[in-house]
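J.: Sequence and predicted model, in that order:
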Amino acid sequence: MSNKPTIILVHGFWGGAAHWGKVILELARRGYQSVCAVELPLTSLAEDAERTRKMVAQQKGPVLLVGHSYGGAVITEAGDQPNVAGLVYIAAFAPDEGESPGAITQRHPPAAMANIEPDSDSYLWLKADNFHESFCQDISLEDAFVLAATQKAPLAGTFGDVITAPAWRKKPSWYQIASEDRMIAPENQAAMSTRLNARKVMTLEASHALSHSKPLEVAAFIDEAAVAISK
């Protein structure tokens with residue numbers, strides 16, 4: 001299919017663009033040669049959204065934005081550009097206008113919330129000793145050890161930044177729920193996916209780290225959305 005959109009992948013807290021590695025390879029196997037993974041500063045929603053907008057603006061054709069975790073808030077804020085044809089949320093925040101990821105989290109606090117701690121510079125870290133059980137309990141201990149050592153901490157204030165104009169109100173969207181998620185409560189994911197009026201909602205029996213534990217299923221879901229916006 002020659003009219004495949006560019007897929008831009010947006011990571012969340014405690015991980016960088018490389019977290020999408022397995023999904024990128026699977027998308028390539030499915031014929032997607034134009035795939036980009038944004039590296040967010042995780043310093044504020046405004047700065048993260050601006051970084052994503054700049055990546056979108058570099059693309060000549062239609063773009064499918066894919067957000068994981070906090071990355072969902074970023075694509076919600078940054079997805080207002082005319083060449084963004086759709087939004088895919090992978091166990092992600094999808095806030096409404098005036099709403100923040102932190103406010104959503106308070107409705108159903110996640111199981112691993114106690115394992116998040118700030119440092120003296122106001123960056124939030126996921127405790128390394130609890131990383132596997134909190135973030136990625138369905139991957140190996142060795143892989144989780146590497147993820148814990150390379151985690152990318154956000155500034156605490158980012159969690160409270162609110163959406164100005166949610167792109168999902170104007171763009172078609174898809175939502176993939178992680179039923180065993182300990183970082184974003186599955187109840188919150190279900191509520192957000194319903195509010196989106198998503199084209200499709202799929203539930204995977206997976207941890208928060210779907211891109212690591214279920215890359216084939218995540219890539220297939222993205223592919224389905226990409227095909228839909230290309231018709």
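T.: That came through fine. As the structure is a prediction and not an experimental result, all values here were calculated from the model.

J.: show me where the protein has strands.
T.: For the chain, applying DSSP state E gives strands covering 6-10, 35-38, 63-69, 84-92, 116-118, 124-126, 173-178, 200-204.

J.: The closest residue to Asp143 other than its chain neighbours - how many residues pack around it?
T.: Of all residues not flanking Asp143 in the chain, His212 sits nearest, at 6.8 Å (C-beta to C-beta, 6 or more residues apart in numbering). All C-beta atoms are positioned from the backbone trio N, CA, C, and that covers glycine. His212 has 24 neighbours, counted by other C-beta atoms under 10 Å.

J.: And His212, what's its pLDDT?
T.: For His212, the pLDDT comes out at 97.

J.: Next up, the contacts around it.
T.: For His212, the contact set (C-beta atoms under 8 Å, 6 or more residues apart in numbering) comprises His19, Lys22, Cys136, Ile139, Asp143, Leu147.

J.: what residue is smack in the middle of the protein?
T.: Residue closest to the mean C-alpha point of the chain, counted by C-alpha atoms, centre = their mean, is His68 at 1.2 Å.

J.: Name the single longest helix found in this protein.
T.: With DSSP state H setting the assignment, residue counts place helix 215-230 as the longest helix in the chain.

J.: Check the gap between the closest residue to Pro109 other than its chain neighbours and Lys171 for me.
T.: Leaving out its chain neighbours, the residue that sits closest to Pro109 by C-beta to C-beta, 6+ apart is Ala185, at 6.8 Å. Computed as C-beta to C-beta, to the nearest Å, the Ala185 to Lys171 distance reads 25 Å.

J.: Could you do His19 as well?
T.: Applying C-beta to C-beta to His19 and Lys171 gives a distance of 24 Å.

J.: more crowded one of those two?
T.: His19 (24 against 19).

J.: Any stretches of this protein with poor pLDDT?
T.: 1-2 (pLDDT under 70).

J.: And the helices in the chain?
T.: Under DSSP H, the chain gives helices at 21-29, 45-57, 71-78, 101-107, 131-135, 141-149, 186-196, 210-213, 215-230.
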